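Asks: Give the three-dimensional model of this entry:
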Amino acid sequence: MLNLLIRHCRLLLLLLPVAAAAETSLEAIPFTTLGERSRPADHFTQGLFFDGQRWWESSGLYRRSWLAEYTDPGANPLRRKWLAANRFAEGLTVLDGKVYLLTYKAGELQIYRAGDLTPLGVRHYAGEGWGLTSDGEQLIMSNGSDELTYRDPDTFAIKRRLKVHGGGEDWSNINELEYARGLIWANIWQDTRIIAIDPASGAVKGVIDLRELVPDSRHPDVVANGIAWDEARNGLWVTGKFWPKLYLIRPQGLGFENDGEPSD
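Replies: Presented below is the predicted three-dimensional model:
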């Protein structure tokens with residue numbers, strides 16, 4: 001009898017990890033595509049922000065990086081700032097009238113006045129810069145790992161670290177970020193999925209798969225990247241590197257429960 005009980009206990013211990021993985025696995029959240037906008041397909045999109053009237057976008061690559069402001073993504077920009085040849089533009093966000101722009105390996109945060117893209121200064125950080133967003137008070141940065149850092153908008157000093165976890169997966173390569181409906185939304189480099197992250201715990205609350213929107217291309221850099229919250233239309237604008245379109249999507253849940261259609 002004792003041997004039988006030991007065998008049963010061993011079997012339960014072997015099955016526990018499988019059961020736990022099944023319980024924590026994440027299914028893709030359905031979404032509705034509410035609209036789309038065409039744009040030039042030569043943007044190596046790194047950061048995207050929309051305030052309801054204007055767009056700010058950063059495009060990467062050495063000797064080709066820029067920061068631009070638009071009222072229409074399909075038209076010429078109102079303003080464009082070209083970065084130095086040895087600077088690779090990464091994620092951006094807008095907070096309190098300032099545009100904050102990361103650089104890839106230079107360890108340099110560039111700050112501009114949102115109204116006219118006048119340079120306002122530079123802050124420095126260790127490591128790589130990937131994605132950037134804000135919760136309205138602090139900046140939130142990714143660096144290609146599974147950890148986000150909350151940073152002071154004035155000094156860019158780290159105030160808090162947040163490890164992203166859940167769903168039985170390793171969430172490294174976190175890239176572009178957006179803060180919407182109380183969650184941090186993140187692209188994963190070389191992945192068609194966007195994840196929704198709880199800013200308190202770092203737990204992944206949901207996954208959106210953009211596979212159906214990815215352009216038909218064999219180019220390895222044609223990947224999903226770029227998320228901008230459209231509060232008035234109750235959706236997220238999404239795009240990618242070298243994508244010819246932006247799409248307005250509305251997830252089914254996670255704060256986007258309103259079924260009303262957006263107005264153009």
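Asks: just the helices in this protein please.
Replies: Assigned by DSSP state H, the helices in the chain fall at 2-24.
Asks: Show me which helix or strand of it is least confident by mean pLDDT.
Replies: Within the chain, no helix or strand scores below helix 2-24, which has a mean of 48 by mean pLDDT, DSSP states H and E.
Asks: gap between residue 102 and residue 60?
Replies: 10 Å (C-beta to C-beta, to the nearest Å). To be clear about C-beta, it is placed using only N, CA and C from the backbone, and glycine gets the same treatment.
Asks: and for these two, which residues touch both?
Replies: Jointly contacting residue 102 and residue 60 under the rule C-beta atoms under 8 Å, 6 or more residues apart in numbering are 89, 90.
Asks: So which of those two has more stuff around it?
Replies: Taking neighbours as other C-beta atoms under 10 Å, residue 102 and residue 60 compare with residue 102 leading, 29 against 23.
Asks: Not counting its neighbours along the chain, what's nearest the more buried one?
Replies: Closest residue to residue 102 apart from its sequence neighbours, by C-beta to C-beta, 6 or more residues apart in numbering: residue 129 at 3.3 Å.
Asks: next one: residue 119
Replies: residue 112 (5.8 Å).
Asks: For the one you found, list the residues it contacts.
Replies: Residue 112 neighbours (C-beta under 8 Å, 6+ apart): 67, 81, 98, 99, 101, 118, 119, 120.
Asks: Kindly report the same for residue 123.
Replies: 108, 109, 111, 155, 156.
Asks: do the same with residue 37
Replies: Contacts of residue 37 by C-beta under 8 Å, 6+ apart are 72, 73, 74, 245, 246.
Asks: please redo it, this time with the cut-off set to 6 Å
Replies: Shown in contact with residue 37 (C-beta atoms under 6 Å, 6 or more residues apart in numbering): 73, 74, 246.
Asks: Who wins on neighbours among those residues?
Replies: residue 246 (25 neighbours).
Asks: Pull up the gap between it and residue 63, please.
Replies: 25 Å.
Asks: what do you get for residue 78?
Replies: 23 Å.
Asks: Which one of those two is surrounded by more residues?
Replies: Taking other C-beta under 10 Å, residue 78 and residue 63 do not tie; residue 78 has more neighbours (14 against 11).
Asks: pretty sure the more buried one is in contact with residue 68, am I right?
Replies: No: here residue 78 lies out of contact with residue 68, judged by C-beta atoms under 6 Å, at a distance of 8.0 Å.
Asks: Look at residue 161 and report its pLDDT.
Replies: With respect to pLDDT, residue 161 has a value of 98.
Asks: Next up, the contacts around it.
Replies: Residue 161 touches 147, 149, counting by C-beta under 6 Å, 6+ apart.
Asks: same question, the one 10 residues further on
Replies: Residue 171 sits next to 146, 164 when contact means C-beta under 6 Å, 6+ apart.
Asks: Any chance of the backbone angles for it?
Replies: Here is the backbone geometry of residue 171 (degrees, to the nearest 10): phi -100, psi 50.
Asks: what pairs with residue 247 across the strands?
Replies: The partner list for residue 247 in beta bridges (DSSP bridges) reads residue 36, residue 238.
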